[in-house]
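Novice: Turn this into a model:
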Amino acid sequence: MTTFSKWIDVLVSEKGITDRMIEVEGASGLNIIPLEIIIDAIKSAPKQEQEKIKTTLVMIDFKNGDVMHFFKHLAGAIAQ
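Specialist: From the prediction side, this is the model:
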């Protein structure tokens, strides 16, 4: 397991959002995607993308924002 994979697993666990479902519109209509699927997609992304995702999530968390908004944004890309 990579350092990034461990980091994102800890983030999701500490936020208590492990079992969340994300609803987004896609080409075929409404998609309901488990956060776990989004996390798996992030873990398989190129390292450069992972670094950008981590930077964004850290910034959101630092500002006491809701990381689920960003995960929903990423889910939208998967749903297309």
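
Novice: can you tell me how far the nearest residue in space to Thr56 that is not next to it in sequence sits from Asp61?
Specialist: Distances taken as Cβ to Cβ, 6 or more residues apart in numbering place Phe70 nearest to Thr56, at 6.1 Å, with adjacent residues excluded. To be clear about C-beta, it is placed using only N, CA and C from the backbone, and glycine gets the same treatment. Using Cβ to Cβ, to the nearest Å, Phe70 is found at 10 Å from Asp61.

Novice: what does Arg20 give?
Specialist: Taken as Cβ to Cβ, the span from Arg20 to Asp61 is 16 Å.

Novice: now Ser5
Specialist: Ser5 sits 18 Å away from Asp61, going by Cβ to Cβ.

Novice: residues in contact with the spatially most central residue of the chain?
Specialist: By Cα atoms, centre = their mean, the chain has its centre lying nearest to Phe71, at 3.8 Å. Listed by Cβ atoms under 8 Å, 6 or more residues apart in numbering, the contact set of Phe71 reads 17, 20, 22, 35, 38.

Novice: would a markdown table of these with neighbour count and secondary structure be doable?
Specialist: Formatted as a markdown table, the contacts of Phe71 follow (neighbours: other Cβ atoms under 10 Å; DSSP: H, G, I helix; E, B strand; the rest coil):
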| residue | neighbour count | secondary structure |
| --- | --- | --- |
| Ile17 | 16 | coil |
| Arg20 | 16 | coil |
| Ile22 | 21 | strand |
| Leu35 | 20 | helix |
| Ile38 | 21 | helix |
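
Novice: any chance of these in TSV, plus pLDDT?
Specialist: Putting these into TSV (pLDDT from 0 to 100) gives the following:
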residue	pLDDT
Ile17	97
Arg20	97
Ile22	97
Leu35	98
Ile38	97
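
Novice: List just the nearest of the residues you listed to Ala79.
Specialist: Closest approach between these and Ala79, by Cβ to Cβ: Ile22, at 9.0 Å.
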